[in-house]
Structure formats: C-alpha cells, structure tokens
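A.B. asks: Give me coordinates for this.
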Amino acid sequence: MKNFKKNCGVCEKMSMYRSYLLKNQFWAKKGNEKGESTESDKIFIKHDSEIGGIYAVINAEQKGVKIVVNGEEHWFNNFDKLDNFLSRLKQSENDFMKILRRKNMSNQLRRLEI
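C.D. replies: Model (predicted):
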C-alpha cells in the first residue's frame, strides 16, 4: 500500500506538469498516451516563430520537467521556477521582436523620399 501511495503521488505531480504545459500552448507528442507506464517520459512540443522548437520532457523518475531550448537543457522540479523561465523566454522573444521591428521601420523610413 505504501508503494501505491508513492506512485500515486508521482502520477499526480506528473499530471500537474502535463496540465501546466497544455495550458501554456505545448502540444503532446503523438503516442505519448499509449504507454500508460509511469516510467516512460512524456514529451511536449511548442513551436515559436522567433525561438523555434521548445521541448518539454516530463520525467516520472526524477519528478520534474526538462525544457530544451536552442539545444540547451534546463531542469525544473518547481512550478514557480518553470513559470519564471517560460515567462523570461516570452519576454526575451518580445524584446527581440521589438528590435527587429525598430530596425525594419528605420530601414523603411530611410528609403522614403522627403
């Protein structure tokens, strides 16, 4: 019974990560749900036009989520830190887009005949 409670707690935490990722526009990799075993990693994918692919791997053994962005791996077992990281990604993406728009607008204005 003790082992069941331990596994149930792991399932609950993994389910919370799953729900969190789905709410943040991550998509489950095809075939994620076929393996019902708690040992198998669940993979979620999000594509961003500026950043590219963002991959999240829920690992039941280590009780956390690995986020892979631009080839860099980041490990989270705390929702607050995960949320902060994803927010910073979004913010840096917004800053990058502002710079690109400003450069584009500047180039267009320079070409105007006044």
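
A.B. asks: Quick one: neighbours of D95, just the number.
C.D. replies: 10 (other Cβ atoms under 10 Å). Every C-beta, even on glycine, is put in place using the N, C-alpha and C of the backbone.

A.B. asks: Apart from its neighbours in sequence, what residue is nearest Y55?
C.D. replies: Leaving aside its chain neighbours, Y55 sits nearest to V68 (4.3 Å; criterion: Cβ to Cβ, 6 or more residues apart in numbering).

A.B. asks: In a strand, the one you found, correct?
C.D. replies: Yes: counting by DSSP: H, G, I helix; E, B strand; the rest coil, V68 is located in a strand.

A.B. asks: Let me know the distance separating it from S40.
C.D. replies: The gap separating V68 from S40 is 18 Å, by Cβ to Cβ, to the nearest Å.

A.B. asks: Distance check, V65 against L89.
C.D. replies: For V65, the distance to L89 - Cβ to Cβ - is 14 Å.
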